[in-house]
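S.K.: Here's my sequence, what's the structure:
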Amino acid sequence: MPDLLQTPFRKFHEQHGAKFVEFAGWEMPLHYGSVIEEHQQCRNSGALFDVSHMGRISVTGRHARKFLETVLTRKVTDMEEKQCRYSMVCNASGGVLDDVIVYRFDDHWILVVNASNRLKLLAHFHDVIGREDMTVRLEDLTPKTAMVALQGPKVMEKIGEFSKEIPTLKKYRFTLKNLMILKMTVSRTGYTGEDGVEIMMGANMASMAVKLLLKDASAPDAVIKPAGLGARDTLRLEAGMPLYGHELTEDTDPLSAGLGFAVSLDKHEAVEGQPLVPRFIGQDALEKLAADGPPKELIGLKLDGKRTPRQDGDVMKDDASIGAVTSGCLSPTLGVPIAMAYVPRGAVSAGDTLRVAVGAQYAEAQVVELPFYKAT
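M.R.: As a prediction, this is how the structure comes out:
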């Protein structure tokens, strides 16, 4: 695959028989043999995902906080050190440019962004900094760092063999760890619906880290085994988590996507003891949407049969087309096809039966509450 970016774990993937696929300009492992087995490994025990293709952007400078409050929909001024927070970057009309996680360090911030949006966001950020005459320095850390996600119900117990502190982390908190000569940022975050952590490290430490974390990966009963993008997608869909380019786009607002928790419409209001924050880009449009109610909503669907609906597949109620599928797969956990779709707000209720396009035909589908799966 010429001209594709490779992660620092490329040799490891090759040694473990990965089938590679192009994703957002990167050569990434799709699977190592079976997407379903990797999915179940994550649900039942633990899996390691190479997520080094995700963008990592450092934000420093006198106006760093003001800049982040301007471009992010979620308030960051009240974040504590070593806390991370899920947020959106929106355009002026309230459409989503990306969904991101912001990390607060003692003297800087790091934004973890989607691989497909990294360059777009950097251009947008520089435009905002110039337009607002801010003193902010952005550094794209992506080329010189690596990132993995360890996810699954047995992951924290396994990590406890290396560190007693990490299993005590609260959700959306992180810590800085030194394991031997490995310096890592470890956050209790993830994108699978399971417990676990995401780890950022220097690219030159990647081979050592993967040997430490997956030293027994070839054993049939290994607690943690490698998994690719295929399982990552089926896992996040079961967990009802949005994917940029599917549930989230520049023409889709976060309120319609059910992500109102990540939009702080009141964050610019005065709070005693805290500095004032500016209104964020897209706030006017999202305030109007919140007042009027978003025109559409994201729903979950369970389908009859075994055929999987695809993105943009027609969704019908009675004899009328009312929406379109955003993501679909055959759920390895539930054993049935599932999908998310946008329909007009209030048009359907849980338990309703709709029809969804699967190829040239239609299958019956039941409207269900999201997520499809929730870890116990």
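S.K.: Could you count how many residues lie near the closest residue to residue 251 other than its chain neighbours?
M.R.: Distances taken as CB to CB, 6 or more residues apart in numbering put residue 95 closest to residue 251, at 5.3 Å, once the chain neighbours are dropped. Where you see a C-beta, it was placed from the backbone N, CA and C, and this is true even at glycine. By the criterion of other CB atoms under 10 Å, residue 95 has 17 neighbours.
S.K.: do the same with residue 14
M.R.: 11.
S.K.: where does it fall, helix, sheet strand or coil?
M.R.: Here residue 14 is recorded as helix under DSSP: H, G, I helix; E, B strand; the rest coil.
S.K.: any idea how far it is from residue 115?
M.R.: Here the criterion is CB to CB, to the nearest Å. By it, residue 14 lies 20 Å from residue 115.
S.K.: what's the answer for residue 80, then?
M.R.: 28 Å.
S.K.: Helices of this protein, start to end?
M.R.: 10-15, 35-44, 64-71, 118-131, 155-159, 206-213, 229-238, 283-292 (DSSP state H).
S.K.: Name the residues that touch the longest one?
M.R.: Contacts of helix 118-131 with the rest of the structure, by CB atoms under 8 Å, 6 or more residues apart in numbering, involve 55, 57, 63, 67, 70-71, 89, 97-98, 100, 111, 113, 134, 136, 138, 140, 142, 281.
S.K.: give me the low-pLDDT residue ranges for the stretch 1-150 of the chain?
M.R.: Low-confidence segments of the stretch 1-150 of the chain, defined by pLDDT under 70: 1-2.
S.K.: Equivalent analysis for the stretch 201-350 of the chain, please.
M.R.: The stretch 201-350 of the chain contains residues with pLDDT under 70 at 217, 270.
S.K.: Show me this protein divided up by domain.
M.R.: As recorded under automatic domain parsing, the domains making up the chain are 5-54+143-238, 55-132+242-288, 296-368.
S.K.: Residue 256 against residue 295, yeah?
M.R.: Yes - counting by CB atoms under 8 Å, residue 256 sits close enough to residue 295 to count as a contact (7.2 Å).
S.K.: Stretch 251-267: how far from the chain's middle?
M.R.: In terms of CA atoms, centre = their mean, to the nearest Å, the centre of stretch 251-267 is found 15 Å from the chain centre.
S.K.: mind listing what's buried in that stretch?
M.R.: For stretch 251-267, a neighbour-count test (16 or more other CB atoms under 10 Å) marks 252-260, 262-265, 267 as buried.
S.K.: swap in stretch 306-326?
M.R.: By neighbour count on 16+ other CB under 10 Å, the buried set for stretch 306-326 is 307-309, 311, 313-315, 317, 322-326.
S.K.: ditto for stretch 75-90
M.R.: Buried, per 16+ other CB under 10 Å, within stretch 75-90: 75-77, 79, 82-90.
S.K.: Taking these together, which two end up most distant?
M.R.: For the buried residues of stretch 75-90, the farthest-apart pair by CB to CB is 82 and 90; their separation is 26.4 Å.
S.K.: Spit out the residues that contact residue 256 and residue 295 alike.
M.R.: Common contacts of residue 256 and residue 295 (CB under 8 Å, 6+ apart): residue 345.
S.K.: can you list contacts of stretch 257-274?
M.R.: 69, 73-75, 77-78, 86-88, 96, 99, 242, 247-248, 254-255, 276-280, 283, 286-287, 290, 297-298, 370.
S.K.: For PyMOL, write a command that selects the buried ones of the residues you listed.
M.R.: The following PyMOL line selects those of the contacts of stretch 257-274 that are buried, judged by 16+ other CB under 10 Å:
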select buried, resi 69+73+74+75+77+86+87+88+96+99+242+247+248+254+255+277+280+283+286+297+298+370
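S.K.: among the contacts of stretch 257-274, which are in strands?
M.R.: Under the assignment DSSP state E, those contribute 86-88, 96, 99, 297-298 to strands.
S.K.: And for the closest residue to residue 17 other than its chain neighbours, the neighbour number?
M.R.: Distance criterion CB to CB, 6+ apart; nearest residue to residue 17, sequence neighbours excluded, is residue 32 at 5.5 Å. Residue 32 has 20 neighbouring residues, counting by other CB under 10 Å.
S.K.: got it, and residue 105?
M.R.: Neighbours of residue 105 using other CB under 10 Å come to 16.
S.K.: which ones are touching it?
M.R.: Taking CB under 8 Å, 6+ apart, we find residue 105 in contact with 81-82.
S.K.: List phi and psi for it.
M.R.: Per-residue torsions, residue 105: phi -100, psi -180 (degrees, to the nearest 10).
S.K.: Would you check how far apart it and residue 342 are?
M.R.: 37 Å.
S.K.: ok, back up a step: with distance to residue 374 added, can I get the domains of the chain in TSV?
M.R.: Converted to TSV, those look like this (distance: least, CB to CB, whole Å):
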stretch	distance to residue 374
domain 5-54+143-238	7
domain 55-132+242-288	15
domain 296-368	11
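S.K.: My guess is residue 336 contacts residue 330. True?
M.R.: Yes - counting by CB under 8 Å, residue 336 touches residue 330, with 7.4 Å between them.
S.K.: Serialize the buried residues of stretch 251-267 to TSV and add fields for distance to residue 120.
M.R.: Below are the buried residues of stretch 251-267 laid out as TSV (distance: CB to CB, whole Å):
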residue	distance to residue 120
252	16
253	18
254	17
255	22
256	21
257	19
258	24
259	19
260	24
262	19
263	20
264	23
265	25
267	24
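S.K.: can you name the two of these that are farthest apart?
M.R.: Maximum pairwise distance among these (CB to CB): 21.4 Å, between 252 and 267.
S.K.: Might you report the residue contacts of the residue lying closest to residue 322 once chain neighbours are set aside?
M.R.: Excluding the flanking residues, the one nearest residue 322 by CB to CB, 6+ apart is residue 343, at 5.1 Å. The contact partners of residue 343, by CB under 8 Å, 6+ apart, come to 296-297, 299, 315, 317, 322-323.
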